[in-house]
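model this:
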Amino acid sequence: MNQEEEIINRVSNSVLKTFDLEEIYPEGERILFDIKEWLFQELILKERDFRVLVKNHDWSKYRKSFVAVTCSADAIIPSWAFMLIAAELTPFANKVVIGDLELLETVIYQELLSFVDFKEFADKPVIIKGCADKPIPNSAYAFLIAKLQPTAKSIMFGEACSTVPLYKSKK
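Presented below is the predicted three-dimensional model:
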């Protein structure tokens, strides 16, 4: 190759668009709030005691965090107990769900993807970036496919150098 020849990056010059779910990942601590410790013998919810614990807890320490409220004990917890905690967390936390951390990430991504303008992907081949350092649930990829499929020319998964085809428009 002649040293005078310029190296051209065909990937960056192509119409190929990349969607990286990590780029929309919101910063903030993820917290699993387990009410098991607030149960009598980790099995029974005593309403009066539970309400006192909820009232006296410092909810401000959850400011700007994302919280999944759960009970890891094999106990029957009434819905109002989870709702009472959610009512206390809501003024401080960015997001509160009743469930585990995977559900929390699922809800976060479902909401985030509802605000993305997908017009820039219309009639273009799209790669959904595969490698991630953040905890991106598989459901987020399904939400993304549902948003991209009506407009994209094609959808692939992976990196520009190695992709797996997922969808090709029949237009």
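
pull the longest helix from this structure.
Assignment by DSSP state H gives helix 101-114 as the longest helix of the chain.

excluding its own residues, what touches that one? List them.
Applying CB atoms under 8 Å, 6 or more residues apart in numbering, the contact partners of helix 101-114 are 21, 24, 26, 30, 32, 66-68, 95, 97, 135-137, 139-140, 143-144, 147. No exception for glycine: its C-beta is placed from N, CA and C like everyone else's.

ok, of those, which come out buried?
Among those, the ones that count as buried by 16 or more other CB atoms under 10 Å are 21, 24, 66-68, 95, 97, 136-137, 140, 143-144, 147.

centroid residue for the chain?
Nearest to the geometric centre of the chain sits residue 105, at 3.1 Å (CA atoms, centre = their mean).

from residue 126, how far off is that one?
For residue 105, the distance to residue 126 equals 22 Å [CB to CB, to the nearest Å].

coming back round to it: which ones among the contacts of helix 101-114 map onto strands?
30, 32, 66, 67, 68, 95, 97 (DSSP state E).

and the first one, what is it in contact with?
With contact set as CB under 8 Å, 6+ apart, residue 30 has these partners: 65, 66, 67, 68, 101, 104, 105, 135.

got it, and the last one?
Neighbouring residues of residue 97 by CB under 8 Å, 6+ apart: 67, 68, 69, 103, 104, 107.

distance of the fifth one from residue 111?
It refers to residue 104. Counting by CB to CB, the separation of residue 104 from residue 111 is 11 Å.

these two - which one has more neighbours?
residue 104 (24 against 12; other CB atoms under 10 Å).

excluding chain neighbours, what is closest to that one?
In space, and not counting its chain neighbours, residue 104 is closest to residue 68: 4.1 Å by CB to CB, 6 or more residues apart in numbering.

try residue 163
residue 156 (3.7 Å).

what about that neighbour, how many neighbours?
Each residue near residue 156 was counted by other CB under 10 Å, and the total is 21.

how about residue 25?
When neighbours are counted by other CB under 10 Å, residue 25 registers 18.

wait, what's in contact with it?
Here residue 25 is in contact with 134, 136 (CB under 8 Å, 6+ apart).

distance of it relative to residue 151?
Residue 25 is 23 Å from residue 151, by CB to CB.

residue 67 contacts residue 34, correct?
No. Counting by CB atoms under 8 Å, residue 67 stays clear of residue 34, with 10.9 Å between them.

for stretch 67-84, buried residues please.
Within stretch 67-84, the residues that qualify as buried by neighbour count (16+ other CB under 10 Å) are 67, 68, 69, 70, 71, 73, 77, 81, 82, 84.

mind picking the two most distant members of these?
Greatest spatial distance among the buried residues of stretch 67-84 (CB to CB): 67 and 73, at 18.3 Å.
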